[in-house]
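S.K.: Sequence first, predicted model second:
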Amino acid sequence: MIKLEKHTWVLVADGEKALFLRNDSGAAAPVLSVVRVEQQDNPKQSDQVSDRPGRRADNSMGQRLAMEEADWHQLAKDRFAADLSEILTRMVARGKISRLVLVAPPRSLGELREKMDSAVAKTVVAEIPKTLTGHKLQDLQKIVIYDLELM
């Protein structure tokens with residue numbers, strides 16, 4: 001069971017939106033408030049690609065092979081995770097964050113973990129592998145508290 005102690009930060013993120021929340025109350029009755037919001041415009045892959053994938057010659061068969069198209073949508077999500085990691089690094093270095101809960105879909109959590117500075121990693125007290133960025137703050141708070149109590 002993990003409690004949301006006072007001044008514990010909760011990062012709720014996906015590949016396009018991030019909410020930086022802080023518990024401004026005690027562990028007995030946590031109250032999360034939005035401190036910062038980060039967002040990026042990331043259209044779906046089909047809206048970012050205008051042409052067919054490139055082609056290259058296959059010398060052994062005398063044919064042309066289609067080259068694999070880059071997934072620009074996923075690349076933007078991964079870049080967003082790197083940007084969030086940089087923001088967290090600065091906040092930890094300035095002493096703003098000493099306890100952190102990460103809430104993100106599994107792939108986004110993996111990207112965050114991969115890009116995360118060791119100083120930030122030391123502040124992480126829990127990870128919740130869920131997509132919650134679309135929830136209202138009140139509902140989001142209930143879900144986070146409930147999931148932490150199950151740990």
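M.R.: Nice, thanks for sending it over.
S.K.: What's the end-to-end length of stretch 122-140?
M.R.: Between the start and the finish of stretch 122-140 there is a gap of 24 Å, counting by CA to CA, to the nearest Å.
S.K.: what about Ser118, how many neighbours?
M.R.: Neighbour count for Ser118, taken as other CB atoms under 10 Å: 7. Using the backbone N, CA and C atoms, a C-beta is placed for each residue, glycine as well.
S.K.: Counting neighbours, what do you get for Met91?
M.R.: The number of residues packed around Met91, counting by other CB under 10 Å, is 19.
S.K.: Was I right to think it contacts Ser85?
M.R.: No. With the criterion set as CB atoms under 8 Å, Met91 and Ser85 do not qualify as a contacting pair; they are 10.8 Å apart.
S.K.: How are the strands of this protein distributed by residue range?
M.R.: Assigned strands in the chain, in chain order: 9-13, 17-23, 32-39, 55-58, 63-66, 100-103, 124-128 (criterion: DSSP state E).
S.K.: Off-centre distance for the last one?
M.R.: Centroid displacement of strand 124-128 relative to its chain, using CA atoms, centre = their mean, to the nearest Å, is 12 Å.
S.K.: I'd like the average pLDDT over that strand.
M.R.: Regarding strand 124-128, the rounded mean pLDDT is 97.
S.K.: same question, the second one
M.R.: When pLDDT is averaged over strand 17-23, the result is 96.
S.K.: which parts of it are buried?
M.R.: Within strand 17-23, the residues that qualify as buried are 18-23, counting by 16 or more other CB atoms under 10 Å.
S.K.: Can you check which helix is longest in this structure?
M.R.: helix 72-93 (DSSP state H).
S.K.: picking up where we left off before, quick one: which of the buried residues of strand 17-23 is nearest Val144?
M.R.: Distance ranking of the buried residues of strand 17-23 against Val144, using CB to CB, places Leu21 first at 8.3 Å.
S.K.: For the closest one, list each beta-bridge partner.
M.R.: Val10, Val34 (DSSP bridges).
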